[in-house]
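>>> Quick one: sequence and predicted model below, then my questions.
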Amino acid sequence: GPTYPRIGYLEMLEALKESDHYKTPLDGPNRGRGFASGYWGNWGGRSSVTASVNADGTVNLIEGSTDIGGSRASMAMMLAEGLGIAAEDVNPQVVGTDMVGYNDVTGGSRTTYGTGWAVYEVGRKLIDEMKGVAGEHWDVDADKITFENGVFSHNGDSLSFKELAQIGGDKPVAASATVHPKEHGPGFGAHLVDLEVDPETGKVTILRYTAAQDVGKAIHPSYVEGQIQGAVAQGIGWALNEEYVYSDDGRLLNASLLDYRMPTALDLPMIDTMLIEEVPNEGHPYGVRGVGEVPIVPPAAAVANALYDAIGVRMTELPMSPPNVLKSVWASQEA
């Protein structure tokens with residue numbers, strides 16, 4: 001298998017141990033606390049982007065990865081970081097890949113990692129192009145010009161990125177980048193859940209949930225938190241209720257959301273998140289790790305462990321729905 005660079009697993013566990021959730025006793029009958037940890041590989045894949053500098057100093061960024069988790073904002077922030085401009089000055093757009101270059105699937109938690117790498121590379125190319133513009137303006141060779149913190153400089157003269165863009169040159173400033181990083185951005189999560197079981201009905205109520213995750217570097221922290229919370233909600237649904245029900249002749253009986261039981265806001269507490277950023281991913285220029293799929297891995301195991309802690313019954317099948325919980329309780333009583 002692949003060899004991973006250093007991860008922040010120990011830092012993640014220590015942070016969870018120091019959390020208010022972990023340190024708060026859980027009292028009451030038929031209540032239990034469960035812990036589980038999970039992992040997702042987060043591969044790189046092929047990504048392409050194109051960027052162009054406008055006369056007002058803003059930058060158009062064109063990518064081919066569909067925005068299904070806030071990736072446009074993340075790409076804008078990474079490009080802005082490299083160019084030393086405000087993220088609001090980057091205009092991200094998603095287009096068809098026949099217009100921008102080849103992109104692998106938008107999935108596998110690869111977009112911020114893989115497409116973000118392409119954004120980093122296109123930013124470096126734009127800087128080289130802008131050095132040429134500065135060279136024309138100051139009548140010096142482009143390789144004599146330095147760029148640091150969004151400012152081009154030469155022998156005491158300096159211009160910000162936006163100032164130089166407004167001066168302009170004799171040709172448009174644009175660049176494209178295609179990357180195929182072979183490295184992986186492994187992601188790890190550790191989850192803690194408190195729940196209560198109704199011994200009469202088998203209904204499980206989630207009381208408290210904390211998800212800690214080694215995110216490397218959180219490019220857009222509020223979006224990262226949202227990805228984790230959404231995945232945990234999915235994981236809880238998978239753990240407790242979601243299943244396909246078929247008739248004897250193979251027909252799906254719960255094919256609509258009226259019959260397919262998914263968790264709602266009434267079923268879930270606030271999902272607390274802990275973003276662990278002590279160990280950036282060595283295999284990415286901005287230290288990024290994929291985050292979207294990791295948090296759906298631990299919930300089922302964490303809930304199963306909490307159920308065992310609450311009622312002493314080990315569940316071995318999903319979902320851990322009320323009928324299945326009662327069956328397991330009755331089976332344990334008969335054993």
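Cool, the structure landed.

>>> domain assignment for the protein?
Taking automatic domain parsing as the domain assignment, the ranges for the chain are 9-42+185-334, 47-179.

>>> and the ones you listed, which one's lowest on average pLDDT?
Note on those: domain 47-179 shows the lowest mean pLDDT, a mean of 92.

>>> Name the residues of stretch 7-16 that are buried.
Going by neighbour count (16 or more other CB atoms under 10 Å), the buried part of stretch 7-16 is 7, 8, 9, 12, 13, 15, 16. Just so you know, the C-beta spots here come from the backbone N, C-alpha and C atoms, and that holds for glycine as well.

>>> Now do the same contact list for the last one.
Which is residue 16. 22, 190, 192, 210, 212, 274 (CB atoms under 8 Å, 6 or more residues apart in numbering).

>>> and residue 271, bridged to which residues?
residue 209 (DSSP bridges).

>>> Does residue 152 lie in a helix or a strand, and which?
Applying DSSP states H and E as the criterion places residue 152 in strand 151-154.

>>> In PDB, please show the C-alpha coordinates belonging to that strand.
Only the C-alpha atoms of strand 151-154 are listed here, as PDB (Å, rounded to 0.1, in the frame of the first residue of the first chain):
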ATOM      1  CA  VAL A 151       4.400  42.900  -4.000                       C
ATOM      2  CA  PHE A 152       6.700  43.000  -7.000                       C
ATOM      3  CA  SER A 153      10.000  44.800  -6.300                       C
ATOM      4  CA  HIS A 154      13.200  45.900  -8.000                       C
END
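
>>> Going along the chain, name the strands of the stretch 101-250 of the chain.
Assigned by DSSP state E, counting those that start in this stretch, the stretch 101-250 of the chain shows strands spanning 146-148, 151-154, 157-160, 174-179, 187-197, 204-214.

>>> do you know how far the residue nearest the centre of the chain is from residue 110?
Residue closest to the mean C-alpha point of the chain, counted by CA atoms, centre = their mean, is residue 291 at 2.8 Å. Distance, residue 291 to residue 110, using CB to CB, to the nearest Å: 11 Å.

>>> Could you do residue 330 as well?
Relative to residue 110, residue 330 is positioned 45 Å away (CB to CB).

>>> Equivalent analysis for residue 172, please.
Taking CB to CB, one finds residue 172 at 31 Å from residue 110.

>>> Which one's more surrounded, the two?
A count of neighbours by other CB atoms under 10 Å puts residue 110 above the other of residue 172 and residue 110, at 28 against 11.

>>> wait, isn't that one in contact with residue 104?
Yes. Using CB atoms under 8 Å, residue 110 is in contact with residue 104, at 7.0 Å.

>>> Give me the common contacts of the two.
Counting by CB under 8 Å, 6+ apart, the common neighbours of residue 110 and residue 104 are residue 45.

>>> got a list of contacts for the strand holding residue 152?
Outside of strand 151-154, the residues within contact range by CB under 8 Å, 6+ apart are 84, 130-131, 134, 138, 140, 144-147, 158-161, 164.

>>> which among these gets closest to residue 233?
Checking the contacts of strand 151-154 against residue 233 with CB to CB, the nearest one is residue 84 at 37.7 Å.

>>> Next up, phi/psi of the spatially closest residue to that closest one that is not a sequence neighbour, please.
Excluding the flanking residues, the one nearest residue 84 by CB to CB, 6 or more residues apart in numbering is residue 150, at 1.9 Å. Main-chain torsions, residue 150, degrees, to the nearest 10: phi 80, psi 10.

>>> Same check on residue 65?
For residue 65, the backbone dihedrals (degrees, to the nearest 10) come out as phi -100, psi 120.

>>> Could you check how many residues crowd around it?
Counted by other CB under 10 Å, the residues lying close to residue 65 total 27.

>>> Ok, residue 196 next?
Other residues within reach of residue 196, judged by other CB under 10 Å, total 17.

>>> Helices of the protein, residue ranges please.
In the chain, the segments counted as helices under DSSP state H are 9-17, 20-23, 71-83, 97-100, 116-138, 161-167, 221-240, 298-311, 322-334.

>>> could I get those as JSON lines with distance to residue 204?
Putting those into JSON lines (distance: least, CB to CB, whole Å) gives the following:
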{"stretch": "helix 9-17", "distance to residue 204": "22"}
{"stretch": "helix 20-23", "distance to residue 204": "18"}
{"stretch": "helix 71-83", "distance to residue 204": "34"}
{"stretch": "helix 97-100", "distance to residue 204": "44"}
{"stretch": "helix 116-138", "distance to residue 204": "38"}
{"stretch": "helix 161-167", "distance to residue 204": "54"}
{"stretch": "helix 221-240", "distance to residue 204": "6"}
{"stretch": "helix 298-311", "distance to residue 204": "7"}
{"stretch": "helix 322-334", "distance to residue 204": "7"}
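
>>> out of the contacts of residue 16, which one sits closest to residue 305?
Using CB to CB, these come closest to residue 305 at residue 192, 9.9 Å.

>>> So the closest one sits against residue 20, correct?
No. At 10.7 Å, residue 192 and residue 20 do not qualify as touching, with contact defined as CB under 8 Å.

>>> neighbour-wise, which of those two wins?
It is residue 192, of residue 192 and residue 20, that has more neighbours when counted by other CB under 10 Å, with 24 against 9.
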